[in-house]
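Engineer: need a structure here:
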Amino acid sequence: MHPGATPRRPDGGRHPLPPPSRRTVLRGTAAVTLTAAATQATASAAFAAPAAGAAAVDHPGAHWLPASPANYRAARRPHSHAVDRVVVHVTQEDFEDTAAAFRDPGRRVSAHYLVRSADGRIGQCVREKDIARHSGDPGHDERSIGIEHEGRGHDPRWFTEEMYAASAALTAGVCARYGIPPDRTHILGHAEVPGTLHTDPGANWDWDRYLTLVRAGLAARRGP
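Structural biologist: Numbers count the residues shown, from 1 in each chain. Coordinates of the predicted model:
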């Protein structure tokens, strides 16, 4: 959040209360110097035109919004490390601020994907073969795909139908690629990673709805 800015809602409204503190992993000492308007324009341009790295995306329809190489580990998964988990996150930040944090080499944080609240647009920030720094536990990072969702966990209005649908289709694709069972053992929240101090995605995340959509997506892939 830019200094003095009022936090935005997905519907374009304004929040009457001060924003909660940022997630620790997205907190840094470097100030974001771009204005909100310039950052929004950058994100809109990235989604409006074919990305230069379009061939790099692993999920059809995702847009390439690369994280700094300092914020992830290059690997050759699943040959170098088995992939058997999806970790669901909520940013506690706006989409643009989160993408900027992933681009900042001083942050040492990233995720494979970032899903926008208002329309479910997906940015891929790290290739699935590489190891994003998203869970707070190196062992879970090595074995998982991290998906960040724009929003603030205390406010369910961030979790739109478009977000659930897009994210579930993404997770269904990940499960299909790596043979991951679509259950709560293998699709977990950041708060469930051992040793984490994080609480996302929080009580307002509708797990039953999400897993129903993921399973439907997998069934559609398999056909009749």
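Engineer: got the contact list for the helix ranked longest in the chain?
Structural biologist: Counting residues, the longest helix found in the chain (DSSP state H) is helix 161-178. With contacts defined as Cβ atoms under 8 Å, 6 or more residues apart in numbering, helix 161-178 is touched by 58-60, 62, 78, 83-84, 86, 88, 113, 115-122, 128, 145, 147, 149-151, 180-182, 186-187, 206, 209-210, 213-218, 220-221. Using the backbone N, CA and C atoms, a C-beta is placed for each residue, glycine as well.
Engineer: cutoff 7 Å now
Structural biologist: Contact partners of helix 161-178, identified using Cβ atoms under 7 Å, 6 or more residues apart in numbering, comprise 59, 78, 83-84, 86, 113, 115, 117, 119-120, 122, 145, 147, 149, 180, 182, 187, 209-210, 213-214, 217-218, 221.
Engineer: Just the buried ones from those residues, in ChimeraX syntax?
Structural biologist: Entered in ChimeraX, the line below selects the buried ones among the contacts of helix 161-178, by 16 or more other Cβ atoms under 10 Å:
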select :59,83,84,86,113,115,117,120,122,145,147,149,180,182,187,210,213,214,217,218
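Engineer: what's the residue nearest the centre of the chain in contact with, if anything?
Structural biologist: The residue lying closest to the centre of the chain (Cα atoms, centre = their mean) is Glu148, at 1.7 Å. If you count contacts by Cβ under 7 Å, 6+ apart, Glu148 has them with 89, 91, 98, 111, 113-115.
Engineer: re earlier: so what strands line up beside the next helix or strand after the longest helix of the chain?
Structural biologist: On the C-terminal side of helix 161-178, the nearest following helix or strand under DSSP states H and E is strand 187-189. Sheet pairing of strand 187-189 (DSSP bridges) gives strand 85-90 (parallel).
Engineer: gap between the strand it pairs with and the chain center?
Structural biologist: For strand 85-90, the separation from the chain centroid amounts to 8 Å (computed by Cα atoms, centre = their mean, to the nearest Å).
Engineer: Centre of the chain to the following helix or strand past that strand, how far?
Structural biologist: Note on strand 85-90: by DSSP H and E, the next helix or strand toward the C-terminus is helix 95-103. Taking Cα atoms, centre = their mean, one finds helix 95-103 lying 10 Å from the centre of the chain it belongs to.
Engineer: helices and strands around helix 95-103, which ones?
Structural biologist: On a contact count with 3 or more Cβ pairs under 7 Å, 6 or more residues apart in numbering; DSSP states H and E, helix 95-103 meets helix 36-48, strand 113-115.
Engineer: Let me know the average pLDDT across it.
Structural biologist: Per-region confidence: helix 95-103 scores 98 on mean pLDDT.
Engineer: For Ala75, list the residues it contacts.
Structural biologist: 81, 129-131 are the contacts of Ala75 under Cβ under 7 Å, 6+ apart.
Engineer: next one: Asp200
Structural biologist: Asp200 touches 89-90, 153, 189-191, counting by Cβ under 7 Å, 6+ apart.
Engineer: Please spell out which residues along stretch 173-192 are buried.
Structural biologist: 173-175, 178, 180, 182, 187-192.
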